[in-house]
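> Dropping a prediction and its sequence here:
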Amino acid sequence: MPKIAEIEDTPNPNAVKFTLLEPLTWGITHAYENAEQAENDALASALFAIEHVSNVFYVDKWLTVTQDGGADWKELVRLIAVPLRAAPAAAAQSAAAVFAARAVIADLSPEDQARLEVISELLDARISPALQADGGDLTVVGLERNYLSVHYQGACGSCPSSLSGTLQAITNLVRTIEADIEVIAV
């Protein structure tokens, strides 16, 4: 049963980040944009059952909840805390479950897989820590020719700056590796 260490505002006014004392996962990201996507996740389903919750994102010792803008955060935080405190800690997860949850982009040539690994390492080192500090992250969902597709998660998913300044910063960083690549948010 994770205890809440801190509740923080994010740059997205419709998202709040909960920092926990115990991890919910061991490196496995859980990102849901609606209740249907979360139907097999007890914690996310319980959070979506709360009126106004529109996005749930969690990994390790933090969780970000986004609302639709129609709720008072003070009241919503109290409601979110109940299922969050009741969730099992990551210690209950097996190593097999962690391994099975690793995402892979299928159908890439060996050359494109090598390109993707270099790009992903750069994003993991330079971009993800800043996004995670703000209650979000991104995942690479595709690489086709000179187009890299990324998907924002958590607070970043509906943050106005993620589609402008942040996307441009990601593009500029990736272009230090491949000068003609285009980064697209999907």
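Nice, I can see it.

> middle-most residue in the protein, spatially?
residue 153 (3.6 Å; C-alpha atoms, centre = their mean).

> mind listing what the residue lying closest to it once chain neighbours are set aside touches?
Leaving aside its sequence neighbours, residue 153 sits nearest to residue 31 (C-beta to C-beta, 6 or more residues apart in numbering; 4.2 Å). In this view, the C-beta of every residue, glycine as well, is placed from N, C-alpha and C. Contact analysis of residue 31 by C-beta atoms under 8 Å, 6 or more residues apart in numbering lists 56, 57, 137, 139, 153, 154, 157.

> Confirm that residue 31 sits in a strand.
Yes - counting by DSSP: H, G, I helix; E, B strand; the rest coil, residue 31 is part of a strand.

> So what sits opposite it in the bridge?
Per DSSP bridges, the residues bridged to residue 31 are residue 57.

> elements contacting the longest helix along the chain?
Counting residues, the longest helix found in the chain (DSSP state H) is helix 110-126. Counting contacts by 3 or more C-beta pairs under 8 Å, 6 or more residues apart in numbering; DSSP states H and E, helix 110-126 packs against strand 136-144, helix 165-174.

> Okay, helices next: where are they in the protein?
42-48, 73-86, 95-100, 110-126, 128-133, 165-174.
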